[in-house]
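Student: any chance you could fold what I've pasted below:
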Amino acid sequence: MGMSRFVALVLIVSLFAPVDLFAEENRKTVVFEIPRAPLTSFQKARLPAGHTNPAGRKLSAALIVPPGEGRVPAVVLVRTCHDSRYYQPWTDRLHAWGYATLMFSRCQPPDFQPVDNKVASLDWKEGALAAYGALKFMQAHPRILPDRIGLIAWSRLGMIPLSVFNPEGAAQFFTERFAAAIAVYPFCSFARGPHEGPILVLSAGKDDWVDPHVCARMARLTANDRVSVEFRLYPDAVHGFDIEAFGAPRFVGQEINPDGFAAGGGTLGFSRSAQARAIEEVRSFLTRYLSPTGG
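Tutor: Residues are numbered from 1 along each chain as shown. From the prediction side, this is the model:
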């Protein structure tokens, strides 16, 4: 094999085939706190002086920082309650690209059951607060570039990236900001803009769990905003197209809808071609907004 072909092969492997680059000592289980929800205007008007909302819960997360001494950009990942190994290919790619990662879900130890199973999923409200808690934790880390932290979330949790930049939502209560956010096959029927930071939305054209057309409309309506939403549609893909562990597309129903959330379908499945395109889009987007040199 010639040297040029060998180099090309190495580049392809590094981009598409996750490789666990970090030794065990670079991996830590950490705990961060969800910030206390600030009082809304309605609460301030109706509640006694001095009232506060309950303190936020603590969440366990997996932190991985590249070896070395310099500061690095980072990505916070909010995964679904599927086994964390389903998402390891994404963390491995991010590590190969030079990012630290902090990954958590609403399914917490010791039993890994949803911490909020009596209410709606960890989504836009508590989820956005949790994202800000993770952001504050990462900004305080001595190895992390505090202004180069991104956010990725999947499925219904994709509402969180839309919420953290929503000036009428949690963003109004915090001065900290993510540098960029990515929502993978999210619900887009709320927090539709304007947004205060760059957002990339990746949608599946044959998704019967969420409606990709709503995300496309959001992108159109924000096209002239100061920060427009970037939208990518993979026409032949279904929900879960980027997760190889999901296997061939099939109807799984409640597996992706544990709370019985109103939705018409429940098809889940992997698409190698859509995954490859998503990897390229995610890498390019993160490079633009998280790279210390902007590229």
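Student: now do the helices in the protein.
Tutor: 3-16, 41-46, 88-96, 124-139, 159-164, 212-221, 272-290 (DSSP state H).
Student: low-confidence regions, this protein specifically.
Tutor: 1-25, 115-124, 254, 257-264, 292-295 (pLDDT under 70).
Student: which stretches in it count as strands?
Tutor: With DSSP state E applied, the chain shows strands at 27-33, 58-64, 72-78, 100-104, 107-108, 113-114, 144-154, 180-184, 199-204, 229-234, 250-251, 267-268, listed in chain order.
Student: can you tell me the closest non-neighbouring residue to Pro67?
Tutor: Closest residue to Pro67 apart from its sequence neighbours, by C-beta to C-beta, 6 or more residues apart in numbering: Asn26 at 5.8 Å. Quick note: C-beta positions are derived from backbone N, CA and C, even for glycine.
Student: quick one: which of the strands of the chain is nearest Phe137?
Tutor: Closest approach to Phe137 among the strands of the chain (C-beta to C-beta): strand 27-33, 3.9 Å.
Student: gap between that closest one and the chain center?
Tutor: When distances are taken as C-alpha atoms, centre = their mean, to the nearest Å, strand 27-33 is centred 17 Å away from the chain's centroid.
Student: then stretch 182-199?
Tutor: In terms of C-alpha atoms, centre = their mean, the gap separating the centre of stretch 182-199 from the centre of its chain is 11 Å.
Student: now do the same end-to-end measure for it.
Tutor: Between the opening and closing residues of stretch 182-199 lies a distance of 6 Å (C-alpha to C-alpha, to the nearest Å).
Student: hang on, the earlier thing: turn the strands of the chain into a markdown table, including distance to Ala278 and mean neighbour count.
Tutor: Conversion of these to a markdown table gives the following (distance: least, C-beta to C-beta, whole Å; neighbours: other C-beta atoms under 10 Å):
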| stretch | distance to Ala278 | mean neighbour count |
| --- | --- | --- |
| strand 27-33 | 25 | 14 |
| strand 58-64 | 21 | 19 |
| strand 72-78 | 14 | 26 |
| strand 100-104 | 17 | 24 |
| strand 107-108 | 24 | 20 |
| strand 113-114 | 26 | 14 |
| strand 144-154 | 11 | 23 |
| strand 180-184 | 7 | 26 |
| strand 199-204 | 5 | 26 |
| strand 229-234 | 7 | 20 |
| strand 250-251 | 20 | 12 |
| strand 267-268 | 16 | 22 |
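Student: I'd like those strands as TSV, with distance to Ala128 appended.
Tutor: Formatted as TSV, the strands of the chain follow (distance: least, C-beta to C-beta, whole Å):
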stretch	distance to Ala128
strand 27-33	14
strand 58-64	13
strand 72-78	10
strand 100-104	14
strand 107-108	18
strand 113-114	17
strand 144-154	10
strand 180-184	11
strand 199-204	13
strand 229-234	17
strand 250-251	31
strand 267-268	25
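Student: out of those, flag the one nearest Ser284.
Tutor: strand 199-204 (9.2 Å).
Student: residues in contact with the closest one?
Tutor: In this structure, residues lying in contact with strand 199-204 by C-beta atoms under 8 Å, 6 or more residues apart in numbering are 158, 161-162, 165, 180-186, 188, 210, 212, 215-216, 218-219, 227, 229-234, 237-239, 241-242, 274, 278, 281-282, 285.
Student: quick one: residues contacting the spatially closest residue to Trp154 that is not a sequence neighbour.
Tutor: Counting by C-beta to C-beta, 6+ apart, the nearest residue to Trp154 once its immediate chain neighbours are dropped is Val184, at 4.6 Å. Val184 makes contacts with 152-155, 158, 202, 242, 278, as judged by C-beta under 8 Å, 6+ apart.
Student: ok, Leu233 next?
Tutor: If a contact means C-beta under 8 Å, 6+ apart, then Leu233 has 203-205, 212, 216 as its contacts.
Student: do the same with Tyr289
Tutor: 148, 150, 179-180, 198.
Student: mind redoing it with 6 Å?
Tutor: For Tyr289, the set of contacting residues under the criterion of C-beta atoms under 6 Å, 6 or more residues apart in numbering consists of 179-180, 198.
Student: format these as a markdown table; extra columns: distance to Met103.
Tutor: As requested, these are exported to a markdown table (distance: C-beta to C-beta, whole Å):
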| residue | distance to Met103 |
| --- | --- |
| Ala179 | 18 |
| Ala180 | 17 |
| Pro198 | 21 |
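Student: ok, the residue nearest to Pro67 - contacts?
Tutor: Remark: with contacts taken as C-beta under 6 Å, 6+ apart, Asn26 is in contact with 64-65, 67.
Student: can you redo those residues as TSV with distance to Glu255?
Tutor: Supplementary listing: the contacts of Asn26 in TSV, determined by distance: C-beta to C-beta, whole Å:
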residue	distance to Glu255
Ile64	27
Val65	33
Pro67	37
